[in-house]
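1. build the 3D model from these lines:
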Amino acid sequence: MKTLKLFLLSLFFMLVFNTFSYGQDKYTVTLKCNVAALEAGNPAYQVCQFTDQEPGTDTRDYTIYAEEGDTIIWDGESSDGSAAIDIRKIKYHKGTNVFNNREIDGETTVVGIVENKTNGKPYKYKISFKINNTGSTYTIDPKIIVGAGQ
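-> Below you'll find the model as predicted:
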């Protein structure tokens, strides 16, 4: 009986270790926007950028490289700290849908778990957001590539 308990305890720890050692990554994608320029009518893709975006890259070409099981968290902030950028929705646009749903909703941030590979091709999605959770809804449409070994 003692051997069985020891075996079961060892098995439990091995399963826990494997879960964490093969753990998926968590990415936080932060969208920074010039609020005054947005409110003046400028297109969101011209006055917003992602914090880890290469300078001079069009926001619509921004790409996240992920693997199945990874968690992606989208959040936002104003470039000058004057307002909140509230991410409200991630919505499928085209390509292989990497999430289980066509839309993932949130109030200020959105969290998605990658479920499917794109086989090296981009999954295009739309990020919908508001300023201070009021007024107009703005969108940007970047990409995700899953399973490309990046």
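2. switch to C-alpha atoms for all contacts and neighbour counts from now on
-> Will do.
3. which elements pack onto the host helix or strand of Ile127?
-> Assigned by DSSP states H and E, Ile127 belongs to strand 123-131. The contact analysis (3 or more C-alpha pairs under 8 Å, 6 or more residues apart in numbering; DSSP states H and E) places strand 123-131 against strand 85-94, strand 134-140, strand 143-146.
4. in the first one, which residues are buried?
-> In terms of neighbour count (16 or more other C-alpha atoms under 10 Å), strand 85-94 has its buried residues at 85-93.
5. in these, find the pair that's most separated.
-> Farthest pair in the buried residues of strand 85-94 (C-alpha to C-alpha) is Ile85 and His93. Separation: 21.5 Å.
6. please name the nearest non-neighbouring residue to Ser82.
-> Val35 (7.8 Å; C-alpha to C-alpha, 6 or more residues apart in numbering).
7. next one: phi and psi at that neighbour?
-> Note on Val35: backbone dihedrals following degrees, to the nearest 10 are phi -60, psi -40.
8. contacts only, for the closest residue to Gln24 other than its chain neighbours.
-> Distances taken as C-alpha to C-alpha, 6+ apart place Asp70 nearest to Gln24, at 4.8 Å, with adjacent residues excluded. The neighbours of Asp70, taking C-alpha atoms under 8 Å, 6 or more residues apart in numbering as the test, are 24-27, 113-114.
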